[in-house]
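Undergrad: below are the sequence and a predicted model for it; my questions follow.
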Amino acid sequence: MGRIDESEFFHKAMMITKAMFPGVFIYLFFAGLAEYFQWNVFLYISPETVKQTGFVFIALSVISFPLAREIEKHAVKKAETGDGLLKRLYFSTLINLAVGEFSAFFGIIIYIMSGDIRYFFLFFNICLLHIILNRPTYHKWKKHMRERFTSLPGEDE
């Protein structure tokens, strides 16, 4: 069983998360350009439709937080070895980052439907919060390793 800090899976997960966090600002850049240059990319769908769609998107965005926890728990349960656990945590990180980015995408959709940038910022902030709360950390991965496997060769506390 390898050390977490030497694991290629841990380093890849950290690298992807560090790239993903500023990457969601591309959505913000698009919204800012659309506002500044007054691009006519808006559909101006009826306010009632925007409201209903917004409620669905908010529900999906809020559900993404417990869903992320369940994805991680499920990944941990199926691991048979320490390296297998690290690999599963890596893939759960990728899935959780994608799930979190859906919120920013929902914000762009609502923004294009309504032309109101406030909707975008709501979902953008949910996305950032999701990434921050579900990012991989050494302590979280070590906790999973300790819970799943009682002894860690080469790991000192």
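TA: On my side now, so go ahead.
Undergrad: got the contact list for the closest residue to Phe21 other than its chain neighbours?
TA: Sequence neighbours aside, Ile131 is the residue nearest to Phe21 in space, at 5.5 Å (criterion: C-beta to C-beta, 6 or more residues apart in numbering). From N, CA and C alone the C-beta is placed, and that goes for glycine too. By C-beta atoms under 8 Å, 6 or more residues apart in numbering, the residues touching Ile131 are Thr17, Met20, Phe21, Val24, Leu97, Gly100, Glu101.
Undergrad: kindly recompute the last result at 7 Å.
TA: Ile131 makes contact with Met20, Phe21, Leu97, Gly100, according to C-beta atoms under 7 Å, 6 or more residues apart in numbering.
Undergrad: what do you get for Gln38?
TA: So Gln38 contacts nothing (C-beta under 7 Å, 6+ apart).
Undergrad: Three-state assignment for it, please.
TA: coil (DSSP: H, G, I helix; E, B strand; the rest coil).
Undergrad: quick revisit: test for you: state the pLDDT assigned to the residue nearest to Phe21.
TA: We have a pLDDT of 93 for Ile131.
Undergrad: list the buried residues of the helix or strand hosting it.
TA: Assigned by DSSP states H and E, Ile131 belongs to helix 117-133. Using 16 or more other C-beta atoms under 10 Å as the test for burial, helix 117-133 gives Ile117, Tyr119, Phe120, Leu122, Phe123, Phe124, Ile126, Cys127, Leu128, His130, Ile131.
Undergrad: nearest to Glu6, of the residues you listed?
TA: For the buried residues of helix 117-133, the residue nearest Glu6 by C-beta to C-beta is Ile131; the value is 24.7 Å.
Undergrad: now Lys77. Its backbone dihedrals?
TA: Note on Lys77: its backbone torsions stand at phi -60, psi -30 [degrees, to the nearest 10].
Undergrad: number of residues surrounding it?
TA: 10 (other C-beta atoms under 10 Å).
Undergrad: tell me the confidence at it?
TA: pLDDT at Lys77 comes out at 88.
Undergrad: tell me the spacing between it and Ser92.
TA: 11 Å (C-beta to C-beta, to the nearest Å).
Undergrad: what's the answer for His139, then?
TA: 16 Å.
Undergrad: returning to that earlier point: next SSE downstream of the helix holding Ile131?
TA: Counting by DSSP H and E, what follows helix 117-133 is helix 138-148.
Undergrad: cheers, nothing more for now.
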